[in-house]
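In: My questions concern the predicted model and sequence given below.
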Amino acid sequence: MDWDLKYGELANDKEYVNKCEDLKENLMDLQKGVDPTTHPIKDELLRVKAAMLKWKEVKDRVKRPTVDLQAVKRFIRSGLYDPFRAIGNPAHLKIIEVMEED
């Protein structure tokens with residue numbers, strides 16, 4: 001197959017020529033039987049994809065849900081509430097008072 005491409009008037013459009021040349025190289029590799037999954041560029045593409053995902057994560061940080069600190073403080077305070085501490089009785093008297101109530 002003849003891979004010498006004539007671009008004619010489009011030869012001045014560098015972007016078009018570069019895309020055609022890249023496509024030509026890929027087609028030549030396929031014709032030669034080069035496996036694209038073992039090509040070294042695949043690792044580079046995976047690295048770029050991972051970097052893009054990290055960037056998206058950083059960029060979307062504003063959209064992430066936030067924690068309402070006041071609600072968290074109320075939740076923890078109510079979960080840790082100790083009625084004996086509120087009254088001011090010492091710890092050793094707590095057990096005695098609970099036993100007397102029963």
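Out: Received the coordinates, thanks.

In: what's the burial count for residue 17?
Out: A count of nearby residues for residue 17, using other CB atoms under 10 Å, gives 14. All C-beta atoms are positioned from the backbone trio N, CA, C, and that covers glycine.

In: Would you enumerate the residues in contact with it?
Out: 7, 10, 11 (CB atoms under 8 Å, 6 or more residues apart in numbering).

In: tell me the average confidence for the host helix or strand of residue 57?
Out: Residue 57 belongs to helix 41-59 when elements are defined using DSSP states H and E. Helix 41-59 carries an average pLDDT of 88.

In: That helix: how far from the chain's middle?
Out: Centre-to-centre, helix 41-59 and its host chain are 10 Å apart (CA atoms, centre = their mean, to the nearest Å).

In: so what does it touch, helix or strand wise?
Out: With contacts defined as 3 or more CB pairs under 8 Å, 6 or more residues apart in numbering; DSSP states H and E, helix 41-59 has no helix or strand neighbours.

In: Show the subsequent helix or strand relative to that helix.
Out: Next element after helix 41-59 (DSSP H and E): helix 69-79.

In: Pull out the buried residues from that following helix.
Out: For helix 69-79, the buried set under the neighbour-count rule, 16 or more other CB atoms under 10 Å, is empty.

In: what helices or strands is it leaning on?
Out: Against helix 69-79 (3+ CB pairs under 8 Å, 6+ apart) you get no helix or strand.

In: Contacts for the helix holding residue 57, please.
Out: With CB under 8 Å, 6+ apart as the criterion, helix 41-59 contacts residue 36.

In: Could you export that helix as CSV, CA atoms only?
Out: In CSV, the C-alpha atoms belonging to helix 41-59 read as follows (Å, rounded to 0.1, in the frame of the first residue of the first chain):
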residue,chain,number,x,y,z
ILE,A,41,2.2,4.8,24.7
LYS,A,42,-0.5,2.9,26.6
ASP,A,43,1.3,3.4,29.9
GLU,A,44,1.7,7.1,29.2
LEU,A,45,-2.0,7.4,28.4
LEU,A,46,-2.9,5.7,31.7
ARG,A,47,-0.6,8.1,33.6
VAL,A,48,-2.2,11.1,31.9
LYS,A,49,-5.7,9.7,32.6
ALA,A,50,-4.8,9.3,36.3
ALA,A,51,-3.5,12.8,36.5
MET,A,52,-6.7,14.2,34.8
LEU,A,53,-8.8,12.3,37.4
LYS,A,54,-6.7,13.8,40.3
TRP,A,55,-7.1,17.3,38.8
LYS,A,56,-10.9,16.8,38.4
GLU,A,57,-11.0,15.7,42.1
VAL,A,58,-9.2,18.9,43.2
LYS,A,59,-11.3,21.1,40.9
